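Student: Mind folding the following:
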Amino acid sequence: MQTYLRKNLLTIIILTVTVILTGLAVFTAIRLYQLRDQSVAPNVPSSKPAAQEASGAPTYTRSQTVVLPKFTTDQCPWNQADNLSRNEGDARARIAKTSNFDLLNCELTGGSVNSLVAPQTYLYDDTLLVTLDNKVLAGTNTIVSPLGGIGSVFDWAKVKNTDQNSQIAGTKIICIGNTCEAPYTLNHSNGSKTPLVNISLSKQNLATLLNTGLTGHTFGAVVIGDGDPTTDCKLQEDLVLTLNYTCNTEIIACQEVTFNIATPTASPTATPVACNNACSEDIQCAGDNECVSGMCRNTQCDTETDCVCNGSTPTPTPTATPTATPTASPVSCNNTCSTNTDCSSGLVCNAGSCRNQSCTNETDCTCAIASPTPTGSATAAPELPNAGISAPTLIGGAAGILLLLGALLLAL
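Tutor: Sure thing, here's the model as predicted:
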């Protein structure tokens, strides 16, 4: 027996190694078949790609601007409607104008009020209020206090005829959230130091000021005067409301947004009072006549009821034929302008050129639609080959079986 083992030692060793290798080959083939649906790399998820399992939908940020055009030519409507006659130092008349807008169907995250131009030359006289849905978001302290504070609804009856004498020396602009800058009045002794308009609005501020619903909102300003026809009730620069939103992928309205700005309605101009008719102020009387003892009269002979002084022949007043004001052609995109009204519909005057108000840096007035960047989206894992039974595995298994059979034949 020992002689037989010594004689066939090499064959026995070959046979043993072949059996071991064959067993390993068969085991490997079976195991690979069991793992055929799994990825080779152990750190790759075996279920869905990571991009499909990211929590939360993608979000997008959008902004909306609403412009309130300046008003510099209208005169305070003293003695009209519920306004009072002129009296220096008191709140006697006001001009209030608004721009209409609708909210986007997205979540409001905040906003601001400022101006389209820099450096800022935004001036007013005598006192100012800025409103959102007729609620005061910023204003001169001497007017805001009688209304009940910031956030109160503007009510002319509460501030009419209040004393404004302290406005030049001690006035200041106060606003919701107490984060704002605003200018001095037009007649302030330090008017050359007028600061920028910069009023910040938080999400909570907007929730307090805005009425419910997406439509029918207003952004406005009220300028109150006492008795100076040359400066009172005027706003020297456009005001701009900017609203910021967060939208999700399902809200189509969050692409480029176009909206119309309402044209403010000018205050009615009073008809001049004719000679010998009742008046309360000189400014109401026609021509060079003045208000004398409550009647419009010629100051050269104020006892004459026909306003014609003795020895003079009355000159008939010619009836002026109104001349149509030529309508200027609207200025097209990227051409020179001085005010928003110079520009074609949908454009605003930005740094002396007509531009799209939604993208003032674009010289062709065409806003690029941003490719939204999803928030919270994970990068999909690289696709890796799956392991399993293949031709090399089958060949290896067959070779092992053949080696086993060859070893057995040698042993016989």
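Student: what does the domain assignment say about the protein?
Tutor: Using automatic domain parsing, the domain ranges for the chain come out as 1-31+391-412, 59-269, 271-303.
Student: taking those together, which one is wrapped up most tightly?
Tutor: Mean neighbour count (mean count of other Cβ atoms under 10 Å) peaks for domain 59-269 among the domains of the chain, with a mean of 18. All C-beta spots, glycine's among them, are computed from the backbone N, C-alpha and C.
Student: Select the helix or strand of the protein having the lowest average pLDDT value.
Tutor: Ranked by mean pLDDT, DSSP states H and E, the weakest helix or strand in the chain is helix 167-170, scoring a mean of 48.
Student: In contact with A398, which residues are there?
Tutor: Listed by Cβ atoms under 8 Å, 6 or more residues apart in numbering, the contact set of A398 is empty.
Student: just for the stretch 151-300 of the chain, where's the confidence low?
Tutor: Residue ranges of the stretch 151-300 of the chain with pLDDT under 70: 165-172, 178-179, 181-197, 249-270.
Student: Quick one: the helices in it, in order.
Tutor: Along the stretch 151-300 of the chain, the stretches classed as helices by DSSP state H, counting those that start in this stretch are 156-159, 167-170, 203-209.
Student: of all those helices, which lies closest to A138?
Tutor: Taking Cβ to Cβ as the criterion, helix 203-209 is the member of the helices of the stretch 151-300 of the chain that comes nearest to A138, at 10.6 Å.
Student: Summarise which helices and strands the closest one is packed against.
Tutor: Helix 203-209 sits against strand 107-114, strand 135-140, with contacts defined as 3 or more Cβ pairs under 8 Å, 6 or more residues apart in numbering; DSSP states H and E.
Student: just checking, what packs against the last one?
Tutor: Translated: strand 135-140. strand 127-132, strand 173-175, strand 198-202, helix 203-209.
Student: what's the closest of the helices of the stretch 151-300 of the chain to G225?
Tutor: So among the helices of the stretch 151-300 of the chain, helix 167-170 is nearest, using Cβ to Cβ, at 11.0 Å.
Student: Make a markdown table from the domains of the chain and add distance to V331 to it.
Tutor: Output for these, formatted as a markdown table (distance: least, Cβ to Cβ, whole Å):
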| stretch | distance to V331 |
| --- | --- |
| domain 1-31+391-412 | 75 |
| domain 59-269 | 15 |
| domain 271-303 | 35 |
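Student: Ok, which of these comes nearest A351?
Tutor: domain 59-269 (7.7 Å).
Student: which stretches of the stretch 1-150 of the chain have low pLDDT?
Tutor: 1-2, 36-57, 116-126.
Student: Break down it into its helices, ranges please.
Tutor: 2-7, 9-34, 141-147.
Student: Check what contacts the last one and list those residues.
Tutor: For helix 141-147, the surrounding residues in contact (Cβ under 8 Å, 6+ apart) are 91, 127-129, 136, 150, 152-155, 158-159, 162-164, 166-167, 171-174, 224.
Student: before we move on, back to that, output the helices and strands packed on strand 135-140 in a markdown table; the columns should cover distance to M295.
Tutor: Output for the helices and strands packed on strand 135-140, formatted as a markdown table (distance: least, Cβ to Cβ, whole Å):
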| stretch | distance to M295 |
| --- | --- |
| strand 127-132 | 33 |
| strand 173-175 | 43 |
| strand 198-202 | 48 |
| helix 203-209 | 48 |
